[in-house]
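Peer 1: I would like the atomic coordinates for the input below:
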Amino acid sequence: MESGGFEIPFLLPAGTCRLGGFIGGILSEFDVIDWRQSRLECFFSESVDWIYQENNINQVSLINLKGGVAKTTTTVGLAQALSGAFNKRVLVIDLDPQTNATTMLIGEEKWFALNQDGHTLSTLFEDAIDDSSNFDLSKTLQKSVGNVGEVKSVDLLPSSLNLINLQDRLITMPAGKYQTRNPVNILRRGIKDIIDDYDYVLIDCPPNLGYITLNGLRISDGYIIPTIPDVMSTYGIPQIVTRVAEFSDEIEDKIIPIGIVATKVRGQAAIHARTLDKMRNDAGKPMGGSKLHYPLVFDAYFSESAQMAEAAEYQAYSTLRQKWGYQGQYNSFVEFTEEFMRLTEGV
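Peer 2: Take a look at the predicted model:
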């Protein structure tokens with residue numbers, strides 16, 4: 001990831017306040033400020049509770065409706081940078097049936113053994129559908145995972161290919177004696193005993209907005225959209241923002257759009273430059289005729305490189321710099337992580 005060097009201002013409403021988190025959602029009157037400050041400054045004539053973040057944004061989903069946009073690489077890289085470079089304790093929750101985050105962090109051999117023994121998140125969802133009690137959180141939670149020696153505080157709740165078959169069955173789960181069980185609260189109920197043990201929880205969501213993804217969003221304070229800056233990869237962003245906002249309203253919990261991070265950026269590709277420039281210019285502007293607004297775009301971005309692809313393979317490294325390479329990608333992860341923490345940490 002490199003600093004893009006753009007000086008595109010972010011649009012905020014008139015009035016007075018200071019934020020450490022992302023500004024997004026329903027805005028009306030705008031002043032133009034530069035959002036790239038150590039603290040975002042905005043001006044409100046009166047308090048706006050859903051924008052002002054009293055607490056940190058700790059639980060974050062990463063989502064895009066298109067596959068192949070380096071969503072999982074971004075999730076794992078962010079988790080490892082938070083741990084290795086900033087000494088944060090991180091939980092990665094892999095909800096994507098492709099299990100890429102899982103195999104990146106524990107390797108295929110260990111994942112296969114866990115899957116055979118039923119120690120993945122698939123069992124949690126199967127219990128909800130079958131009204132059984134086979135899920136063992138202590139055996140499913142994999143502690144101090146990863147293939148980087150200096151990364152010691154990343155834990156994992158692993159995924160399973162079996163999640164593919166469970167998506168449509170969740171609608172049939174029993175509501176319980178008092179009608180209190182809900183197919184979007186399965187993950188929340190299953191991990192409630194450990195969720196507060198971490199500085200950050202990162203959820204790698206499937207490339208859809210089905211029940212599995214909604215379980216991830218249900219426990220999230222905010223979300224990030226990794227995307228290649230091209231037409232096909234960015235096409236679904238308005239749908240994501242709209243659907244998440246609707247879901248947030250339905251559950252009466254705030255889920256803040258933290259921002260968009262550009263991935264696999266090719267410096268010589270004119271379409272990438274145009275799309276990235278457009279996303280930056282659109283940040284804060286209304287989406288069509290709705291009251292929602294386009295999310296900001298991180299300054300930091302990931303350039304396309306062979307090293308990034310090779311880093312997905314599970315092999316031992318001593319340091320993050322060794323894993324991500326010496327051509328700027330390590331620095332990119334650090335820059336992205338610093339920006340992420342600035343946007344998510346409370347005032």
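
Peer 1: next, the buried residues of stretch 280-291.
Peer 2: Buried residues in stretch 280-291, counting neighbours by 16 or more other C-beta atoms under 10 Å, are found at R280, D282, A283, G284, P286, M287. Backbone N, C-alpha and C define where each C-beta goes, glycine included.

Peer 1: list the contacts of the last one.
Peer 2: Meaning M287. Neighbour list for M287: P238, V241, T242, H293, Y294 [criterion: C-beta atoms under 8 Å, 6 or more residues apart in numbering].

Peer 1: dihedrals phi and psi, it?
Peer 2: The phi/psi pair for M287 (degrees, to the nearest 10) reads phi -90, psi 110.

Peer 1: go ahead and confirm R266 touches T275.
Peer 2: No - distance between R266 and T275: 11.1 Å, which falls outside the contact criterion (C-beta atoms under 8 Å).

Peer 1: the more surrounded of those two?
Peer 2: T275 (20 against 15; other C-beta atoms under 10 Å).

Peer 1: which residues touch the nearest residue to that one once chain neighbours are set aside?
Peer 2: Nearest non-adjacent residue to T275, counting by C-beta to C-beta, 6 or more residues apart in numbering: P229, 3.9 Å away. By C-beta under 8 Å, 6+ apart, the contact set of P229 is A262, V265, I271, H272, A273, T275, L276, M279.

Peer 1: quick one on the thing from earlier: pLDDT and distance to D96 for the buried residues of stretch 280-291 - can I get that in TSV?
Peer 2: Below are those laid out as TSV (pLDDT from 0 to 100; distance: C-beta to C-beta, whole Å):
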residue	pLDDT	distance to D96
R280	95	28
D282	94	27
A283	94	27
G284	92	30
P286	92	31
M287	90	26
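
Peer 1: looking at these, which one is closest to R181?
Peer 2: Nearest to R181 among the buried residues of stretch 280-291 is M287, at 34.0 Å by C-beta to C-beta.

Peer 1: distance of that closest one from P238?
Peer 2: Per C-beta to C-beta, to the nearest Å, M287 is found 5 Å from P238.

Peer 1: and for these two, which residues touch both?
Peer 2: Y294.

Peer 1: now P286: how far from E250?
Peer 2: As for P286, its distance to E250 is 22 Å (criterion: C-beta to C-beta).

Peer 1: mind listing what the residue sitting nearest the centre point of the chain touches?
Peer 2: The residue lying closest to the centre of the chain (C-alpha atoms, centre = their mean) is L62, at 2.4 Å. Residues near L62 by C-beta under 8 Å, 6+ apart: K71, T74, T75, L202, I203, D204, C205, Y223, I224, I225, P226.

Peer 1: so which of the residues you listed are in strands?
Peer 2: Counting by DSSP state E, those place L202, I203, D204, Y223, I224, I225, P226 in strands.

Peer 1: of the residues you listed, just the buried ones, ChimeraX syntax please.
Peer 2: In ChimeraX, this line selects whichever of these come out buried by 16+ other C-beta under 10 Å:
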select :202,203,204,223,224,225,226
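
Peer 1: closest to D96 among the ones in strands among the contacts of L62?
Peer 2: Closest approach to D96 among the ones in strands among the contacts of L62 (C-beta to C-beta): D204, at 5.2 Å.

Peer 1: the closest one is in contact with Q98, isn't it?
Peer 2: No - at 9.2 Å, D204 does not count as touching Q98 under the criterion of C-beta under 8 Å.

Peer 1: shared neighbours of the two, anything?
Peer 2: Jointly contacting D204 and Q98 under the rule C-beta under 8 Å, 6+ apart are T72, S159.

Peer 1: flag the shaky bits of the stretch 151-300 of the chain, pLDDT-wise.
Peer 2: 177-180 (pLDDT under 70).
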